[in-house]
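**Student:** okay, predicted coordinates and the sequence, questions at the end:
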Amino acid sequence: MSFTKLGLSAPILKAIEEQGYTEPSPIQAQAIPAVLEGQDVMAAAQTGTGKTAGFTLPLLEKLSAGPLAKSNQVRALVLTPTRELAAQVAESVKNYGQHLPLKSTVVFGGVKINPQMMALRRGADVLIATPGRLLDLYNQKALKFDQLEVLILDEADRMLDMGFIHDIKKVLAILPKKRQNLLFSATFSPEIRDLAKGLVNNPVEISVTPRNATAKSVEQWLHPVDKKQKIDLLIDLIADGQWQQALVFSRTKHGANKITKQLEAAGIRASAIHGNKSQGARTRALADFKEGRIRILVATDIAARGIDIEELPHVVNFDLPDVAEDYVHRIGRTGRANATGQAISLVSADELDQLKAIERLTQKLIERRYMDDFFPTHMLPDTTLDTRPIKPKKPKKPKVNRAPAKQGNSNNKAKKPAPKADVTQGQGLRSKPLAPARRNRKPNGGAQKTSGDQ
Ligand code: AMP
């Protein structure tokens, strides 16, 4: 299948060629015609599937046909949960639209609002925004939606996780009712279907597995280790394994800073990326990492989500995430096509509950590997597989401020050891893949299950 068959015009095809893409990914092959036909779309697709081009290419095609945005008006609004994702989508819009006369602008919190107000004066055919800043700009009369044609929610599941539901509802209330709606989410959870009910009309549903998902394999294990020993173990792993680059996850921002400092002190170039860092610092760290100027990127879950870095050979969970689903997102950062990635967790005794939750979610026990020099004095109790079904999460209470949701706190005290049980060793763990690519029409937010539901 070639891009030329999808109904895109020459300036867009030229930009695609310049990107070096030869054929559309499955989500692009399905989403592009549906969006061009003017249909609402609900797509289960993670980062790495080519979803951004999947909505951006047909969006630009449609917008190039109509009258350009007038002062302070917006014709297509893309809402994203994080600044990083907003910046990346904006970059894609710029790249794919470089041969078109359309204007695009990106706005997000954490930076001055005035330059954004100035930029909006000339109008935006495409506006990429995080919800809080969008509402601030609207309240300051810097935005008008009379010309709005299309609304896109990107990573909708993450927006709900981060407590943006009320902001999203406020945004929906100020947009014209007649518009096209595209909803992208890693999973179609019950919460997402609830949101979809009030959003999409008779949508085309698309579900795809990430690119290269079938060729990808991730080897996973954990090292039981005392908390105080984790940093030395990490340094040993990096040095002994002669790792070129790795992504290290920390549950907290403070933890990420501390790990970075300690790695630097050991002569390993590292940078932290989390919500307390300025936008400039985050962009710089990401660029340094991509270009190989730093060896280790230490990230919190929210900061890492949605950032576009090539999949890496090594991902380390310096501590386990409080939310088991984050483990699946984290390990999805490793395992290139036709090569094995390694996802390594450093687990201390007080993280037993998180470990159990992860093993329950993934329905696999994670292999344990003990390291001679780091044998723990506080033993990590054995675990058995909990096969009871997981109840859907209750919707979260809205956050009072609009800052990204807090990274988990660290008051998980050691729990009493679980009764001794056999541990099944060495089972390869895979995140549950989404259902194979399919396209079918569903009634309004219909409750069709996909294998990606959690
Ligand atoms: P996304 O899922 O939108 O985050 O895209 C993941 C990566 O795939 C990005 O780096 C894109 O540049 C790249 N990409 C998107 N579409 C294609 C395509 N058709 N062929 C090759 N690479 C692509």
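**Tutor:** Perfect, thanks for sending it.
**Student:** pretty sure Leu380 contacts Leu346?
**Tutor:** No: applying CB atoms under 8 Å as the test, Leu380 and Leu346 come out as separate, 10.6 Å apart. Placement of C-beta: from N, CA and C, glycine included.
**Student:** more neighbours, these two?
**Tutor:** Using other CB atoms under 10 Å as the criterion, Leu380 and Leu346 rank with Leu346 on top: 25 against 21.
**Student:** strands of the stretch 51-200 of the chain, residue ranges please.
**Tutor:** Under the criterion DSSP state E, counting those that start in this stretch, strands of the stretch 51-200 of the chain are mapped to 74-79, 104-107, 124-129, 150-153, 180-185.
**Student:** go through these and name the closest to Gln354.
**Tutor:** Among the strands of the stretch 51-200 of the chain, strand 180-185 comes nearest to Gln354, with 24.2 Å by CB to CB.
**Student:** name every strand pairing with the closest one and say which way it goes.
**Tutor:** If you go by DSSP bridges, strand 180-185 pairs up with strand 41-44 (parallel), strand 150-153 (parallel).
**Student:** how about residues contacting that strand?
**Tutor:** Identification of contacts with strand 180-185 by CB atoms under 8 Å, 6 or more residues apart in numbering yields 31, 35, 38-45, 51, 55, 149-157, 192, 195-196, 199-201, 203.
**Student:** check the residues you listed one by one and keep those near the ligand.
**Tutor:** Counting by CB under 6 Å from any ligand atom, Lys51 from the contacts of strand 180-185 sit close to the ligand.
**Student:** restricted to buried residues, select the contacts of strand 180-185 in PyMOL.
**Tutor:** The PyMOL selection below is limited to those of the contacts of strand 180-185 classed as buried (16 or more other CB atoms under 10 Å):
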select buried, resi 31+35+39+40+41+42+43+44+45+51+55+149+150+151+152+153+154+155+156+157+192+195+196+199+200+203
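**Student:** so which of the contacts of strand 180-185 are in helices?
**Tutor:** Members of the contacts of strand 180-185 lying in helices (criterion: DSSP state H): 31, 35, 51, 55, 156-157, 192, 195-196.
**Student:** how about those residues, which pair is most distant?
**Tutor:** Comparing all pairs in those by CB to CB, the longest separation belongs to Val35 and Asp157, at 20.3 Å.
**Student:** what number of residues lie near the closest residue to the ligand within the stretch 51-200 of the chain?
**Tutor:** The ligand sits closest to Thr52 of the stretch 51-200 of the chain, with a gap of 3.1 Å, by CB to the nearest ligand atom. Using other CB under 10 Å, the number of residues around Thr52 comes to 25.
**Student:** that one is in contact with Ser92, isn't it?
**Tutor:** Yes: shown here, Thr52 and Ser92 form a contact pair, counting by CB under 8 Å, at 4.7 Å.
**Student:** can you give me the helices in the stretch 151-300 of the chain?
**Tutor:** 156-161, 165-174, 190-197, 230-240, 253-265, 279-290 (DSSP state H, counting those that start in this stretch).
**Student:** average pLDDT for the second one?
**Tutor:** Confidence over helix 165-174, taken as the mean pLDDT, stands at 95.
**Student:** circling back to that earlier point, can I get the strands paired with strand 180-185 in a markdown table with distance to Lys277?
**Tutor:** Putting those into a markdown table (distance: least, CB to CB, whole Å) gives the following:
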| stretch | distance to Lys277 |
| --- | --- |
| strand 41-44 | 31 |
| strand 150-153 | 26 |
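**Student:** how about those in JSON lines, adding mean pLDDT?
**Tutor:** Shown next, in JSON lines, are the strands paired with strand 180-185 (pLDDT from 0 to 100):
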{"stretch": "strand 41-44", "mean pLDDT": "94"}
{"stretch": "strand 150-153", "mean pLDDT": "98"}
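**Student:** so which of those comes closest to Gln229?
**Tutor:** Distance to Gln229, taken as CB to CB, is lowest for strand 41-44 among the strands paired with strand 180-185, at 40.2 Å.
**Student:** now that closest one, how far from the chain's geometric center?
**Tutor:** How far strand 41-44 lies from its chain's middle: 15 Å, per CA atoms, centre = their mean, to the nearest Å.
**Student:** quick one: Gln245 and Gly332, what's the gap?
**Tutor:** According to CB to CB, to the nearest Å, Gln245 and Gly332 sit 17 Å apart.
**Student:** how about stretch 314-321 as CSV, C-alpha atoms only?
**Tutor:** Taking Å, rounded to 0.1, in the frame of the first residue of the first chain, the C-alpha atoms of stretch 314-321 are listed here in CSV:
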residue,chain,number,x,y,z
HIS,A,314,17.9,-1.2,28.3
VAL,A,315,15.2,0.2,30.5
VAL,A,316,15.7,0.2,34.3
ASN,A,317,13.0,0.5,36.9
PHE,A,318,15.0,2.0,39.7
ASP,A,319,11.9,1.7,41.7
LEU,A,320,8.6,0.1,40.7
PRO,A,321,5.7,2.4,39.8
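**Student:** what's the spacing between that stretch and its chain's center?
**Tutor:** The chain centroid and the centroid of stretch 314-321 are separated by 16 Å under CA atoms, centre = their mean.
**Student:** buried residues in that stretch?
**Tutor:** Residues of stretch 314-321 classed as buried by neighbour count (16+ other CB under 10 Å): 314-321.
**Student:** quick one: average confidence on it?
**Tutor:** Averaging pLDDT along stretch 314-321 gives 96.
**Student:** likewise for stretch 259-279?
**Tutor:** Averaging pLDDT along stretch 259-279 gives 92.
**Student:** span of that stretch from start to end?
**Tutor:** Chord length of stretch 259-279, first to last residue, is 20 Å (CA to CA, to the nearest Å).
**Student:** residues near the residue nearest to Asp125 when sequence neighbours are not counted, how many?
**Tutor:** Leaving aside its chain neighbours, Asp125 sits nearest to Leu102 (4.0 Å; criterion: CB to CB, 6 or more residues apart in numbering). Neighbourhood size, Leu102 [other CB under 10 Å]: 20.
**Student:** give me every residue that touches Leu102.
**Tutor:** Leu102 sits next to 60, 63-64, 68, 125-126 when contact means CB under 8 Å, 6+ apart.
**Student:** repeat that for Trp221.
**Tutor:** Applying CB under 8 Å, 6+ apart, we find Trp221 in contact with 344-345, 366-369.
**Student:** closest one of those to Val107?
**Tutor:** Using CB to CB, the contacts of Trp221 come closest to Val107 at Ser345, 37.1 Å.
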